[in-house]
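S.K.: predicted model, plus sequence, below.
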Amino acid sequence: MSDYFCSAHNHIKYINPVPHLLYESRLRLYFRKNIDMMKINIEDSLLEINNNLQDYIDNKHMEYIIAERNMLNDFNYTTNTVSSVFIYILCKFLNISTNVELTNITSNAYITAC
């Protein structure tokens, strides 16, 4: 899913494999350098998903396509969307309501409840 929010997969200038791979390599370094800045509001995301995961992902992708193309947006859209989808699926798998109070997830990745 992270490719959905990666400029190398959403812009024609990366159609050639060399610039594509170079961008992804730089993006990987950007993620490693900035992972501690990650902050995700899972509660708002779960409300937005509202049992319609496909619409949530499609809407996030449309937002992403309209947004400025840069590594920061790739980082933010990827970490937020992928983490929110993961938590949503985990809650569904564990049969836990997604309507209970959540804390914001940071790079420490903790939640009080699903």
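M.R.: Nice, I can see it.

S.K.: return the helix or strand in this structure with minimum mean pLDDT.
M.R.: The helix or strand of the chain with the poorest confidence is strand 105-106; it has a mean of 46 (mean pLDDT, DSSP states H and E).

S.K.: need the phi and psi values for residue 11.
M.R.: phi -140, psi 140 (degrees, to the nearest 10).

S.K.: apart from its chain neighbours, what residue comes closest to it?
M.R.: residue 69 (6.2 Å; C-beta to C-beta, 6 or more residues apart in numbering). To be clear about C-beta, it is placed using only N, CA and C from the backbone, and glycine gets the same treatment.

S.K.: can you give me the neighbour number for that neighbour?
M.R.: 13 (other C-beta atoms under 10 Å).

S.K.: need the three-state assignment for it.
M.R.: When classified by DSSP: H, G, I helix; E, B strand; the rest coil, residue 69 comes out as coil.

S.K.: residues in contact with it?
M.R.: 7, 10-11 (C-beta atoms under 8 Å, 6 or more residues apart in numbering).

S.K.: switch the cut-off to 10 Å
M.R.: Taking C-beta atoms under 10 Å, 6 or more residues apart in numbering, we find residue 69 in contact with 6-7, 10-11, 13.

S.K.: dump the residues you listed into TSV; add pLDDT as well.
M.R.: Listed next are those as TSV, based on pLDDT from 0 to 100:
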residue	pLDDT
6	93
7	92
10	91
11	89
13	89
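
S.K.: so which of those is the closest to residue 36?
M.R.: Looking at the contacts of residue 69 and their distance to residue 36, the nearest is residue 6, at 20.6 Å (C-beta to C-beta).
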